[in-house]
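Visitor: Give me a model of this one.
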Amino acid sequence: MEIIDESGQHVARVDWLPKEATDVSYVRKGDLFWLSVYECTIPRDSFERFAKENNWKMEEARDVHVGPYRSILNLPPIRQGAPEDMYPLALRYEERQQNGGGVTVVYDPESRRLFVSESSN
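Guide: The predicted structure follows:
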């Protein structure tokens, strides 16, 4: 099994995201047990296509917390003065496995920022 250990901060683009995705910060690592966390800017229509391709059924949500995952990317707080990384109003999708793995997807229409964390466990 191939071991992945790569990261980037404010990269113009990456080949594994839609071409419209820019300003990408990411961490991808692991082999059998893997973690992928990324955030990027993407126009809403491109995001909606990407979400559909991934079968992410997005729902509007308020006060969406993304936990410690943005700190892995060394990104500043989403909102100045906020105690935690929280999107006041966003589109959200989450699917969890019994072992704790799964995916969390958050799209902030105001900033056009997409945040995704996926893990095997």
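Visitor: drop to CA atoms for contacts and neighbour counts, all remaining ones
Guide: Noted.
Visitor: Just the buried positions in the longest strand seen in the chain, please.
Guide: The longest strand of the chain (DSSP state E) is strand 86-96. By neighbour count on 16 or more other Cα atoms under 10 Å, the buried set for strand 86-96 is 86-87, 89-94.
Visitor: And that strand, what does it pack against?
Guide: strand 59-65, strand 102-108 (3 or more Cα pairs under 8 Å, 6 or more residues apart in numbering; DSSP states H and E).
Visitor: Is it possible to get JSON lines of the ones you listed that adds mean neighbour count, distance to residue 46 and mean pLDDT?
Guide: Converted to JSON lines, the helices and strands packed on strand 86-96 look like this (neighbours: other Cα atoms under 10 Å; distance: least, Cα to Cα, whole Å; pLDDT from 0 to 100):
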{"stretch": "strand 59-65", "mean neighbour count": "13", "distance to residue 46": "17", "mean pLDDT": "91"}
{"stretch": "strand 102-108", "mean neighbour count": "21", "distance to residue 46": "12", "mean pLDDT": "94"}
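Visitor: okay if I get these as a markdown table plus distance to residue 12?
Guide: Converted to a markdown table, these look like this (distance: least, Cα to Cα, whole Å):
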| stretch | distance to residue 12 |
| --- | --- |
| strand 59-65 | 26 |
| strand 102-108 | 19 |
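Visitor: wait, which of those strands is closest to residue 24?
Guide: strand 102-108 (13.9 Å; Cα to Cα).
Visitor: That closest one versus strand 86-96: what angle between them?
Guide: Orientation of strand 102-108 against strand 86-96 (axes from the mean of the first three to the mean of the last three Cα atoms, to 10 degrees) gives an angle of 150 degrees.
Visitor: Partner strands of whichever helix or strand comes after strand 102-108, with direction?
Guide: Once the chain leaves strand 102-108, the next helix or strand it forms, by DSSP states H and E, is strand 113-119. Using DSSP bridges, strand 113-119 pairs in its sheet with strand 34-41 (antiparallel), strand 102-108 (antiparallel).
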